[in-house]
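Engineer: Everything below, folded, please.
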Amino acid sequence: MVGEINPVADICARLRDAGVYSCVDGVSYAPHGLPDVAQLGADIYLFSAYKTYGPHQGLMVIRRALGEVLPNQGHYFNADVLYKRFTPAGPDHAQIAACAGMADYIDALYAHHFNAAQRGTETAPQQRCADVHDLMRDHETRLLEPLLDHLSGRNDVRVLGPTSAPGRAPTVALYHARPAAELAQALAKKGIMAGGGSFYADRALRAQGIDPAHGVLRLSFVHYATQDDLDRLLTALDQTL
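Structural biologist: Sure, this is the predicted structure:
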């Protein structure tokens, strides 16, 4: 809802020093570049594969030691198999196989943007992922900055969360006097796909003084958005607001 990029590695380190386990919900960040989970230091990191160009599947990375002490949720005779402990119905093999396409996509992006002369003939998967992550973030930040500047220049909308592009993901929620669903419908008629509502974030909205029934307009994009897309959005927004 607020789009802020948190200092996850620092938070996890502080929790670990205090003897507290950390669980990170990466669903809002992972679409903008898969993170280095080991570097973040989280005990549990989870997100949805359909947000990261894959199938409708949940993904979870968990430290083995923690996984072995948490209660078994699967069949008792599978309790000693870590990945089965948290899959009561058993693994969905078709969805798991389809998740391989996510890695293929990352590799395809890497092959397109980085040639062997730049990176050597063989680059480790972790480095390929890191390079693509940075590529995505750089592009999205360049597009997000003028959008935030434009919105900050209006006195009829309130931007939730940071107003600086490097500190947030390209998911921008706006409060306006008109109901959010009404704004989304008006934008749809202009060829702009946006969402209007509470997005399951009722408590977060109320904490910011916003009625969830009124909602916010949510604009979001990822690495394949273009400057032309953003220009069309800004024109449609000005006409609608």
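Engineer: Let's test this: name the helix or strand in this protein with the lowest mean pLDDT.
Structural biologist: Ranked by mean pLDDT, DSSP states H and E, the weakest helix or strand in the chain is helix 116-119, scoring a mean of 59.
Engineer: other SSEs contacting the helix or strand just after that helix?
Structural biologist: Sequence-wise, the next helix or strand beyond helix 116-119 is helix 125-152, with elements assigned using DSSP states H and E. Helices and strands touching helix 125-152, by 3 or more CB pairs under 8 Å, 6 or more residues apart in numbering; DSSP states H and E, are helix 100-113, strand 157-159, strand 171-176, helix 227-240. No exception for glycine: its C-beta is placed from N, CA and C like everyone else's.
Engineer: Pull out the buried positions in helix 125-152.
Structural biologist: The neighbour-count check on helix 125-152 (16 or more other CB atoms under 10 Å) flags 128-133, 135-137, 139-141, 143-144, 147-148, 151 as buried.
Engineer: mean confidence score for that helix?
Structural biologist: Per-residue pLDDT over helix 125-152 has a mean of 95.
Engineer: let's number from 48 now, not from 1
Structural biologist: With the count now opening at 48, the last piece we talked about shows up as helix 172-199.
Engineer: what angle separates that helix from helix 274-287?
Structural biologist: Counting by axes from the mean of the first three to the mean of the last three CA atoms, to 10 degrees, helix 172-199 lies at 30 degrees to helix 274-287.
Engineer: What ranges in this structure fall below the confidence cut-off?
Structural biologist: When residues are selected by pLDDT under 70, those of the chain lie in 163-168.
Engineer: hang on, residue 261 packs against residue 229?
Structural biologist: No: the criterion here is CB atoms under 8 Å, and residue 261 misses it with residue 229 at 9.9 Å.
Engineer: Neighbour count: those two, which is higher?
Structural biologist: Comparing residue 261 with residue 229 by neighbour count (other CB atoms under 10 Å), the higher total belongs to residue 261, at 18 against 15.
Engineer: Next up, phi/psi of that one, please.
Structural biologist: Per-residue torsions, residue 261: phi -80, psi -40 (degrees, to the nearest 10).
Engineer: list the contacts for the closest residue to it other than its chain neighbours?
Structural biologist: Take residue 261 and drop its neighbours on the chain: the residue closest to it by CB to CB, 6 or more residues apart in numbering is residue 226, 5.6 Å away. Residues in contact with residue 226 (CB atoms under 8 Å, 6 or more residues apart in numbering) are 243, 261-262.
Engineer: Nothing else from me, thank you.
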